[in-house]
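Enquirer: Sequence first, then the predicted structure, then my questions.
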Amino acid sequence: MRPTAPTLEEVAREANVSRATVSRVVNGSPKVSPDVVTAVNAAIAKLNYVPNRAARSLASRTSGAIALIVPEDTAFFFGDPYFAAIVQGITRRLDDSDYLLNLLVASTDPGHKTVRYLRSGVVDGALVISHHEGDDLQHEAGMLLPLVYGGRPSQAGDHIFVDVDNVEGGAIGTQHLIDVGRHRIGTVTGPLDMPASVDRLEGYRRAMGAADLPADAVETADFTAAGAVAAARRLLDRVPELDGIFVASDIMATGVLSVLRERGRSVPGDVAVVGFDDSPAATSSAIPLTTVHQPSEQMGFEMADLLLRHLAGDPEVPRRNIMPTHLVRRASA
């Protein structure tokens, strides 16, 4: 005989609170103390309690929606063409399905609104992009829903993800600078709590090591143009003799180009620059960027396809999905 689902009353007994208090926590009321919220959420997790609306939705697969979770600032999300390409690929795949896409963008979630939303049963699964090491949201979402990641997850586990070989991509970009005769090559990385940033930095170091060149000219930024401006200034102050820079994204490379211009350094004459992404930023910058291409739109398409297969019960969904990169030569290097 199939066991009955836990009830609101059972959660209340487990947490030693009233039924009304559990209801307030489930519905996100601010009129509950943090200690009580913690106790109720622990009881919900222990009993695997799901609100009735969500239970019906999950049992029948009738929500008709999946979530795209982006643990980033909204201005960053809407300002980076990488995300636009990912979303375009996702929606292109969903156009041939019955699913709609719900967009959840939040760099912080102090009230656990996103987790409550996911728990409520309004989506059947989720896609996660631009995730950082230590993100509680992705961990909690993974306990509630089937997930597919855009980019290799930082936490261990048998995750389904779509990515490029960022180590190889970093090495390709750096090797091009070496091949065009540059010897004092630096790099501007993304945040080092993101696997893509760590891997692209490792690719830079491998290429530099193979050429017996120093790999100490490293500055970290945040995948924004403004962050790259600050990083490039630090880098040039510390290593003014730089003649090449590998930058871990095209958006950041535009910031690097602006600093080189303000310092009176010509590109590519004095300093050659290689970016990463092959996004519209690479072709719209003052000096068209040589860059490492990653197929961002196709990555979004594949993420959505894998999640749909997973939701349909396909037992052969591949876990590790790596797409190719290649160099695109333009004027900057």
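Expert: That came through, no problem.
Enquirer: Which secondary structure element is home to residue 175?
Expert: helix 166-179 (DSSP states H and E).
Enquirer: Any buried residues in that helix, and which?
Expert: 166-178 (16 or more other C-beta atoms under 10 Å). Glycine gets a C-beta too; all of them are placed from N, C-alpha and C.
Enquirer: nearest to residue 32, of those?
Expert: The closest of these to residue 32 turns out to be residue 166 (C-beta to C-beta; 42.8 Å).
Enquirer: which residues touch the closest one?
Expert: By C-beta atoms under 8 Å, 6 or more residues apart in numbering, the residues touching residue 166 are 152, 195, 196, 199, 200, 203.
Enquirer: Going by distance to residue 67, which of those residues wins?
Expert: For these, the nearest to residue 67 is residue 152 (20.1 Å; C-beta to C-beta).
Enquirer: which ones are touching the closest one?
Expert: 161, 163, 166, 195, 196, 199.
Enquirer: try 10 Å
Expert: With contacts defined as C-beta atoms under 10 Å, 6 or more residues apart in numbering, the neighbours of residue 152 are 131, 159, 161-166, 194-196, 198-199, 320, 322.
Enquirer: ok, how many other residues are close to residue 323?
Expert: Residues lying near residue 323 (other C-beta atoms under 10 Å) number 14.
Enquirer: Quickly note the distance from it to residue 50.
Expert: 35 Å (C-beta to C-beta, to the nearest Å).
Enquirer: Extract the CA atoms of stretch 73-93 and return them as PDB.
Expert: Written as PDB, here are the backbone C-alpha positions of stretch 73-93 (Å, rounded to 0.1, in the frame of the first residue of the first chain):
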ATOM      1  CA  ASP A  73      22.500  40.900 -10.300                       C
ATOM      2  CA  THR A  74      19.800  41.800 -12.700                       C
ATOM      3  CA  ALA A  75      21.800  44.600 -14.300                       C
ATOM      4  CA  PHE A  76      24.600  42.200 -14.900                       C
ATOM      5  CA  PHE A  77      22.300  39.600 -16.400                       C
ATOM      6  CA  PHE A  78      20.600  42.000 -18.800                       C
ATOM      7  CA  GLY A  79      23.900  43.700 -19.800                       C
ATOM      8  CA  ASP A  80      25.800  40.700 -20.900                       C
ATOM      9  CA  PRO A  81      25.100  39.300 -24.400                       C
ATOM     10  CA  TYR A  82      26.200  35.800 -23.300                       C
ATOM     11  CA  PHE A  83      23.000  35.500 -21.300                       C
ATOM     12  CA  ALA A  84      20.900  36.700 -24.200                       C
ATOM     13  CA  ALA A  85      22.400  34.000 -26.400                       C
ATOM     14  CA  ILE A  86      21.700  31.300 -23.800                       C
ATOM     15  CA  VAL A  87      18.100  32.400 -23.400                       C
ATOM     16  CA  GLN A  88      17.600  32.500 -27.200                       C
ATOM     17  CA  GLY A  89      18.800  28.900 -27.400                       C
ATOM     18  CA  ILE A  90      16.600  27.800 -24.500                       C
ATOM     19  CA  THR A  91      13.500  29.400 -26.000                       C
ATOM     20  CA  ARG A  92      14.200  28.000 -29.400                       C
ATOM     21  CA  ARG A  93      14.100  24.500 -28.000                       C
END
